[in-house]
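1. here is my input; please provide its structure:
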Amino acid sequence: MDAAARSADHTAMLAGRPYDPGCPQLVAMRRDAQDRMRDYNTTILGEQDRRAPLLEGLLGTWNGAVIRPPFHVDYGCNIHFGPGCFVNFGAVFLDVCEIRIGARTQIGPNVQILTPDHPRDPARRAQGTEWGRPVTIGADVWIGGGAIVLPGVTVGDGAIIGAGAVVTRDVAAGATVVGNPARPVSGSASASVSTAGAPRETTAPPARDPLLEAG
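-> The predicted model follows:
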């Protein structure tokens, strides 16, 4: 959407400032995303003629990413994939702020990438105000099944996030993190980290044939 057409709440949301999620423009955008998700989540392997236009319309930048349904977003238009990415079943990407995912990153099943945040004071929470912080995932990252990436996190290129990890702070390039909250592991310990649910192949499906899903 052109910046001039955005409501004040839409502009505040993207900037990470407090906003009202009940703003009519934002409600309409979520409804549109839900329509596209509903259609996409009824597709199966081999229905690329249906999948491609739905993802192109839903996402800010699709780039041919292989996404196994069901796939759930808030808006979709604030999600940007680099080329060669793979997302396994059941991903939840809440994109009140931008989510940027680098080239060839692989994401296991039931991973959550969350940008929304809420007031710590219960009286302010009751008013419905919220805000967000963007999440950036680098290139060649591997995120294990069930991991959760919280608002404002940046994950560096080549990092590994173990299955079930809760990532509350930035992850350095090439690091391996596990646990809740996620902490780095090093040396021989990193070789045993589980990333359950990631594709069996060591590379993402070739861009020339997005129907080839690893799994």
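
2. tell me the secondary structure for the residue nearest the centre of the chain?
-> With distances taken as CA atoms, centre = their mean, the residue of the chain nearest its centroid is F93 (3.9 Å). With DSSP: H, G, I helix; E, B strand; the rest coil as the basis, the three-state label of F93 is strand.

3. please renumber so the chain begins at 46
-> Sure thing, new numbering starts at 46, so read that last one as F138.

4. gap between it and A49?
-> Distance of F138 to A49, given as CB to CB, to the nearest Å: 27 Å. Bear in mind the C-beta positions are built from the backbone N, C-alpha and C, glycine included.

5. try E143
-> For E143 relative to A49 (CB to CB), the value is 19 Å.

6. so for those two, which sits in the more crowded spot?
-> E143 (18 against 5; other CB atoms under 10 Å).

7. give the contact list for that one.
-> Going by CB atoms under 8 Å, 6 or more residues apart in numbering, E143 touches 59, 105, 123-125, 160, 179-181.

8. from A208, how far off is it?
-> In terms of CB to CB, E143 sits 25 Å off from A208.

9. what do you get for A60?
-> Per CB to CB, A60 is found 34 Å from A208.

10. please say which of the two ends up with more neighbours.
-> Set A60 next to A208 and count neighbours by other CB under 10 Å: A208 wins out with 20 against 11.

11. tell me how far the nearest residue to the more buried one once chain neighbours are set aside lies from G177.
-> Spatially, and ignoring its direct neighbours in sequence, A208 is nearest to G189 (3.4 Å; CB to CB, 6 or more residues apart in numbering). Separation of G189 from G177 (CB to CB): 24 Å.

12. the two: who's more crowded?
-> When G189 and G177 are compared for neighbours, G177 comes out ahead with 27 against 23, by other CB under 10 Å.

13. looking at the protein, which helix or strand is least sure?
-> helix 167-171 (a mean of 91; mean pLDDT, DSSP states H and E).

14. after that helix comes which helix or strand?
-> Reading on from helix 167-171 to the C-terminus, the next helix or strand found by DSSP states H and E is strand 176-177.

15. sheet-wise, list the partners of that following strand with their directions.
-> strand 161-162 (antiparallel) (DSSP bridges).

16. list of residues touching the partner strand?
-> 119, 139, 141, 175-178, 196-197.

17. how far off centre is that strand?
-> Relative to its parent chain, strand 161-162 has a centroid offset of 14 Å by CA atoms, centre = their mean, to the nearest Å.

18. quick one: low-confidence ranges for the protein?
-> For the chain, the stretches with pLDDT under 70 are 46, 232-260.

19. and if we set it to 50?
-> Applying pLDDT under 50 to the chain flags the ranges 243-260.

20. quick revisit: how about the residue nearest to A208, phi and psi?
-> The phi and psi values for G189, taken as degrees, to the nearest 10, are phi -70, psi 160.

21. doesn't A210 make contact with it?
-> Yes - taking contacts as CB atoms under 8 Å, G189 lies within contact range of A210: 7.0 Å.

22. ok, D47 - how many residues close by?
-> 5.
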